[in-house]
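[1] got a sequence here, can you build the structure:
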Amino acid sequence: MAGLAGSKIRSYVDSRLFVPLIVNPQKANDDALDVGSELTEVLDRGKVMKALTKFYRRKQIQRLGEENGLDARLFHQAFVSFRKYILESEMLPPDLHIIVSDITAEAGHVDDMFPYFMRHAKQIFPMLDCMDDLRKISDLRNPANWYPEARAIERKFIFHAGPTNSGKTYQALKRFNEAESGVYCGPLKLLANEIHQRTNEFGTPCDLVTGEERRYANEDGTPSNHVSCTVEMASVTHPYEVAVIDEIQMIRDTIRGWAWTRTVLGICAKEIHVCGEEAAFDLISRLVISAGDNIELRKYDRLTPLTIQNEPLGSCDNVRPGDCIVAFSKNDIFKISRQIEGKGEECAVIYGALPPGTKLAQAQRFNDPDDSCKILVATDAIGMGINLSIRRIILNTLTKPMINEKGEREMDLLTTSHALQIAGRAGRYGSHYPEGEVTTMNPDDLTKLKTILGNPVESITEAGLHPTAEQIELFAYHLPDATLSNLIDIFVDLAQVEGYYFVCNIDDFKFLADLIQHVPLPLRDRYVFCCAPANRKHPFVCTSFLKFARQYSRNEVLTGNWISRMISWPLNPPKTLKDLLHLEGVHDVLDLYLWLSYRFPDLFLDSEGVREMQRQLDVVIQDGVERIVKLIRASSNGETHQALSSPDSIQPSPAKTAETTDADDMKHAIRSSRKRPGRDSKNDQRSKKNSDRQHKQAAIGGLLTKKLISKGVLTPEMVEELQHEWKQSADSKTNNNTS
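    A predicted model of the protein is given here:
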């Protein structure tokens, strides 16, 4: 929803979201008397059909239908169902039979059918009868009123504004440590864990709460006065003296922004420290004032200088110790890693799909002055949550896959905010490099980078919202036959929001709802399952999610032995990139189990056993990442070609393949998610990119090669390099045999 002044109120509903219910024709019953036929006569089918057609074509009737909530589409669907009901029923309700009989006998007018037509329309579209109630339930214009506990106290906000590496969060955490009680709300598990450890080292007992883990500082398991948590897990009912909300600019995130909005409006603390970009200050001020609270601004400057170099890196031959090359795809990460290790240098690798433990292990290698690994290759996952000793940031490209407001993936130029977040990781205060530098890999990008970093950061104007379980339950009360996905669609379409709010994209939620729609679950449990952190791009994760839901619906315990059989535990070390990607998926499945174990502890019993499995798996994945170049070579060996996959297409080994029903359910969910109304079917930019890729493929040739490139696993440039290396290897073997 675009930002507008005042309230955003829809005067109409997208009728494509209305799924008609089936009203079957009425069958004759031996014990029931056909009162209508007894009072009048048996209806003449031909005359009835003629009268119905005349009724349908009358403009006055169509206008009346529109006044009662039936647009042209709904009117047509309702009429088709009404006609079928009348013509195929063996016995009509007496009042309807008499009216139709009068019309066919020319003793009445076709318009007389309208009340009965509307009665039938409300049977197949029950939302027509409760639209006012549905609009009230989906009225999101005053979200501050959702949190009565927070409204009952006087709260003061301190906004710590500054760039990366300015000490703003440090100042807020000083107050957190000094307080009698406090809560830290961070964007990542890594950050929450770091604050948990640092606070306890400071001497203040502090618990850790994430979606998958609870860790208590007190040995007896009693809660401490301080807690470090991910922002989604923050309590909005427990009172604190001090709260810290980190990375507040993420309130604009199209998927997770609702969690920051909820925390700002609902956290029960007398003193709330908000840390992030100054671009969010005006928006946060509006939210704070709307809640009846006060706010002050404290500004910070960067503690160390950051310089944009005048020369690009050019190639990986020019890397130096302390360099970090930032790319935005696994393909580029793997390609760059191979180039660096090909010149005799070791490099650490960090990307978003890696488990937190593996990310930390790679960061420690890079930060350790005694370790031979001096170069880091990473995605923008380093932008927050990991302390790194980086001298220079090198941006491999300035374009990144983004999710737009429709939930579609598209390539876009880095924003000033995002570029500053990444570049600011160089020259961290207190690290080995007191001055930071940033440049690009390609000469053409350097001028663009200077422009991007020189632009002012665009103001953040909207905060995300998300429908609550209570709101969806109220919807379901009025629409008991609607699916959860359909309830969500109607809710979002009817939602009324203030000009500085928007409804977050919930395609992932709806995908999971479609995936388990056939599984018998209570609505509240179904809602919780659909909030789970399941990566819908990974079929093995989706299949496991479906199995979890099925097992839960049968009221069967999900033990450690059960999940061990499901994932074929113990797992072997990865021999190829495909194996490594599968292990990452298994780690996600174990995360999913742990997440569910805190919501449904009666059936997901073995959280400790699964956590131990996850620790062991983390070690296996760490070993695989450290041998990543060898895995790339093994994956591209001409004698042992395997269909490498990205998470979008990876399939488990035959022993792990899901039942046919699971696969069918997943295909159905994928089709459902692609058929959402209002979605554009084409993307010109993507089409052009695909066309260019196909052109390059034609030059390279080879069915398997084309398959790997089409899946996004390899780029044409990577294939050319591999072919060159294979040729060199073959020539070397030939020369050795000859000699």
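[2] quick one: low-confidence parts of this structure?
    Scanning the chain with the threshold set as pLDDT under 70 gives 1-13, 30-33, 403-409, 629, 633-739.
[3] just give me the longest strand of it.
    When every strand of the chain is counted residue by residue (DSSP state E), the longest turns out to be strand 269-276.
[4] so which elements touch it?
    strand 156-161, helix 168-178, strand 240-245 (3 or more Cβ pairs under 8 Å, 6 or more residues apart in numbering; DSSP states H and E). Bear in mind the C-beta positions are built from the backbone N, C-alpha and C, glycine included.
[5] can you list the buried residues in the helix or strand following it?
    Counting by DSSP states H and E, the next helix or strand C-terminal to strand 269-276 is helix 281-290. Using 16 or more other Cβ atoms under 10 Å as the test for burial, helix 281-290 gives Phe281, Leu283, Ile284, Ser285, Arg286, Leu287, Val288.
[6] and what of stretch 151-170?
    Those would be 151, 155, 157-166, 168-169, for stretch 151-170 by 16+ other Cβ under 10 Å.
[7] distance from the chain centre to it, please.
    27 Å (Cα atoms, centre = their mean, to the nearest Å).
[8] just stretch 136-148 next, same as before
    With Cα atoms, centre = their mean, you get 23 Å for stretch 136-148.
[9] cool, stretch 294-304 as well?
    With Cα atoms, centre = their mean, you get 31 Å for stretch 294-304.
[10] how many neighbours does Thr447 have?
    Using other Cβ atoms under 10 Å, Thr447 has 11 neighbouring residues.
[11] ugh, typo on my part, it should be Asp525
    A count of nearby residues for Asp525, using other Cβ under 10 Å, gives 15.
[12] cool, and Tyr501?
    Tyr501: 25 neighbours (other Cβ under 10 Å).
[13] do the one 10 residues further on as well
    Burial of Phe511 is recorded as 22 neighbouring residues (other Cβ under 10 Å).
[14] so it versus Leu546, what's the distance?
    12 Å (Cβ to Cβ, to the nearest Å).
[15] quick one: buried residues of the longest strand of the chain?
    Within strand 269-276, the residues scored as buried using 16+ other Cβ under 10 Å are Ala269, Glu271, Ile272, His273, Val274, Cys275, Gly276.
[16] distance to Ser372 added to the residues you listed, as TSV?
    Converted to TSV, these look like this (distance: Cβ to Cβ, whole Å):
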residue	distance to Ser372
Ala269	46
Glu271	47
Ile272	45
His273	41
Val274	41
Cys275	36
Gly276	37
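[17] and the angle from the longest strand of the chain to strand 240-245?
    10 degrees (axes from the mean of the first three to the mean of the last three Cα atoms, to 10 degrees).
[18] pairing partners for strand 269-276, with directions?
    Strand 269-276 pairs in its sheet with strand 156-161 (parallel), strand 240-245 (parallel), by DSSP bridges.
[19] list the contacts of the last one.
    With contact meaning Cβ atoms under 8 Å, 6 or more residues apart in numbering, strand 240-245 is reached by 169, 172-173, 175-176, 179-185, 231, 234, 260, 263-264, 267-275.
[20] kindly report the same for the first one.
    The set of residues external to strand 156-161 that reach it, using Cβ under 8 Å, 6+ apart, is 168-169, 171-172, 248, 270-278, 281, 284-285, 288, 293-300.
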